[in-house]
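J.: Give me the fold of what follows.
(chains A and B)
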Amino acid sequence: MNQTEPLWEVFIRSKQGLDHKHVGSLHAADAQMAIENARDVYTRRMEGVSIWVVESKNIHSSNPDDAASLYDPANDKIYRHPTFYNLPDELKYM
Amino acid sequence: MVAGELLKIFDDKIKQEIRIEPKDWMPDEYRKTLIRQISQHAHSEIVGMLPEANWITRAPSLRRKATLLAKVQDEAGHGLYLYSAAETMDITREEMIDQLLSGRAKYSSIFNYPTLTWADIGAIGWLVDGAAIMNQVPLCRASYGPYARAMVRICKEESFHQRQGYEILLTLCRGTEEQKAMAQDALNRWWWPSLMMFGPNDDASPHTAQSMKWKIKRFTNDELRQKFVDICKDQADILGITIPDPDLKWNEEKNHYDFGEINWDEFWNIVKGNGPCNKERLAARVSAHANGAWVREAALAHAKKKKTSTPEVTLNTV
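T.: Residues are numbered from 1 along each chain as shown, chains lettered A, B, ... in the order given. Here you go, the predicted model:
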C-alpha cells in the first residue's frame, strides 16, 4: 500500500533578531528530512539562520467565521490606544 | 450565515483589495479556477526544468554550468511554492501529481519545444523567463493570499534567470559569426512560441473576464503581450539580432509596436498534445516519479521504524 509523506509547515528566521516567519509547506517522511528539504528550498539565498517544521495536522487555527465575535471585545476598547487621552501639546516625552 | 451574505462579504473583500486566505468562505468557482491555475503553474515550473537540464552537462564553461544548475534548482523550488499554495485549498499533492502524469492537467505549452543548441538556453532565459516575469509581477497582487505570496518569492528569484539568459546571448552575439548565427537561429525558433505564452487573444479567452473580476488576473493577455513585444524589440537591437516578424513596426500613433499574426493553429495543436516534445516531457515525468518510488518508500519505512523504536525526542529546543 502506498503511504504518502505528511505535509509540514515551514517557518524560517531569516536573521538573528527577527521572528520565525511562515514561508510555505512541503512533504517529507520525517522531521529531519523536512528540515533538510526546507533548507534546500527555502534558504537558497541564505535567507535562514533557523528553521522550524511542524506537521500541518499539529497546527490549530481559529475559524475566520468567528473572527467577528472572537475579536469583538477588543474592538470597542479604544482606550487601549494612546490617542484616546487628551493631554496638552507642551507636554514632552509622553 | 446565508450564502448570499457570504458572497457579499467575499465580493467586498475583493473590491477593497483585502486578501482572501485559506479558510475564508469563497465561491466554488473561485476555488476551482485557482486550483486549476496554480497547479498548472506549478506543473509548468517542474516540466520547465527538463528542456534546460538538457544542457547542464554540455554548458560551455563552469560559470555557465553553475548558473544553469542554480536556475533549474530555482524552478524546482518555484514548483514547490505553487503546489504549497494550491494545497491550502483542499487538494492534495497526490491528486495534482496524478493529474499531471495522467495527462489531464496542462502545463505551459512553451516547454513542449526542444532545446537544440546552447543558444536556446540563452533564448529561454531572455524570452521565456521574460514572458513569465511579465505575467508574474501582477500576480503578486492576486486576490488569493497564498498565491500572491508565492509569486512575491518567485519574482525575487526570477530576475537572475532572465539576466543569465540574456548574458548568454550577448556573449554569443559578440563572438564569432557562427556564434551570432546560432543566437539568431534560437531567436527565430523561440520568438513566436514565447508570444503564445500569454495565451489566446482576449476575445478568444473564456477565463479572462471572470479572473479579472475576481482580481486573480490584473492585465489581459493582449495587454501583457503588447508590453512584452515593446520591451523585447529594444533588447534584440542591443544584441544585434532580428526578431523574426516582418510585420513588426513602430506605430507612432499608438506608441507601441505593431506585430504580426500569431499562428493559433500551432498553439492549439501543441495544447492538444501534438507538439515536438509533449510525449517526451510527460514520459520523463512519469519515469522520474516511478523511479523515485523506492526512495519515498524507504524514507517512510525508516521514519516509521524510528517512531516505533525510539521514544519521542524533540530535535531542537526553541
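J.: Tell me the residues of chain A that contact chain B?
T.: A:2-5, A:7, A:23-33, A:35, A:41-42, A:44-45, A:52, A:61, A:63-65 (CB under 8 Å from any CB of the partner chain). C-beta: built from backbone N, CA, C; applies to glycine.
J.: Any quick ChimeraX command for the buried ones out of the residues you listed?
T.: To isolate the buried ones among the residues of chain A next to chain B in ChimeraX, judged by 16 or more other CB atoms under 10 Å in any protein chain shown, type:
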select /A:5,7,23,24,25,26,27,28,29,30,31,33,35,41,42,52
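J.: Among the residues of chain A next to chain B, which ones are in helices?
T.: A:A31, A:Q32, A:M33, A:I35, A:V41, A:Y42 (DSSP state H).
J.: Now do the closest residue in space to B:I241 that isn't next to it in sequence, the pLDDT please.
T.: Excluding its sequence neighbours, the residue lying closest to B:I241 (CB to CB, 6 or more residues apart in numbering or on different chains) is B:Q184, at 4.7 Å. We have a pLDDT of 98 for B:Q184.
J.: circling back: could you dump the ones in helices among the residues of chain A next to chain B into JSON lines with distance to A:L87 and pLDDT added?
T.: JSON lines is the format used below for those (distance: CB to CB, whole Å; pLDDT from 0 to 100):
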{"residue": "A:A31", "distance to A:L87": "53", "pLDDT": "96"}
{"residue": "A:Q32", "distance to A:L87": "56", "pLDDT": "95"}
{"residue": "A:M33", "distance to A:L87": "57", "pLDDT": "96"}
{"residue": "A:I35", "distance to A:L87": "51", "pLDDT": "96"}
{"residue": "A:V41", "distance to A:L87": "52", "pLDDT": "91"}
{"residue": "A:Y42", "distance to A:L87": "47", "pLDDT": "90"}
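J.: now the strands for chain A?
T.: Counting by DSSP state E, chain A has strands at residues A:7-13, A:21-27, A:50-55.
J.: Give me the angle between the last one and strand A:21-27.
T.: Translated: strand A:50-55. Interaxial angle of strand A:50-55 relative to strand A:21-27 (axes from the mean of the first three to the mean of the last three CA atoms, to 10 degrees): 50 degrees.
J.: and for strand A:50-55, what are the contacting residues?
T.: Residues outside strand A:50-55 that contact it (CB atoms under 8 Å, 6 or more residues apart in numbering or on different chains): A:6-13, A:20, A:28, A:31, A:34-35, A:38-39, A:42-43, B:318.
J.: got it, and the second one?
T.: Strand A:21-27 has contacts (CB under 8 Å, 6+ apart) with A:4-14, A:34, A:37-38, A:41-42, A:56, B:80-81, B:84-85, B:87, B:93, B:150, B:153.
J.: Check the first one too.
T.: Strand A:7-13 is contacted from outside by A:19-28, A:31, A:34, A:38, A:42-43, A:47-57, A:59, B:87, B:93, using CB under 8 Å, 6+ apart.
J.: Where does pLDDT dip in the chain?
T.: No chain was given, so I picked chain A. Under the criterion pLDDT under 70, the flagged ranges of chain A are A:1-2, A:46, A:67-75.
J.: Switch to chain B, please.
T.: Residue ranges of chain B with pLDDT under 70: B:1, B:310-318.
J.: What residues does it have near chain A?
T.: Applying CB under 8 Å from any CB, one finds that chain B approaches chain A through B:1, B:21, B:23-25, B:70, B:73-74, B:76-77, B:80-81, B:84-85, B:87, B:92-94, B:150, B:153, B:157, B:296-297, B:299-300, B:302-303, B:306-307, B:315, B:318.
J.: This completes my enquiry, with thanks.
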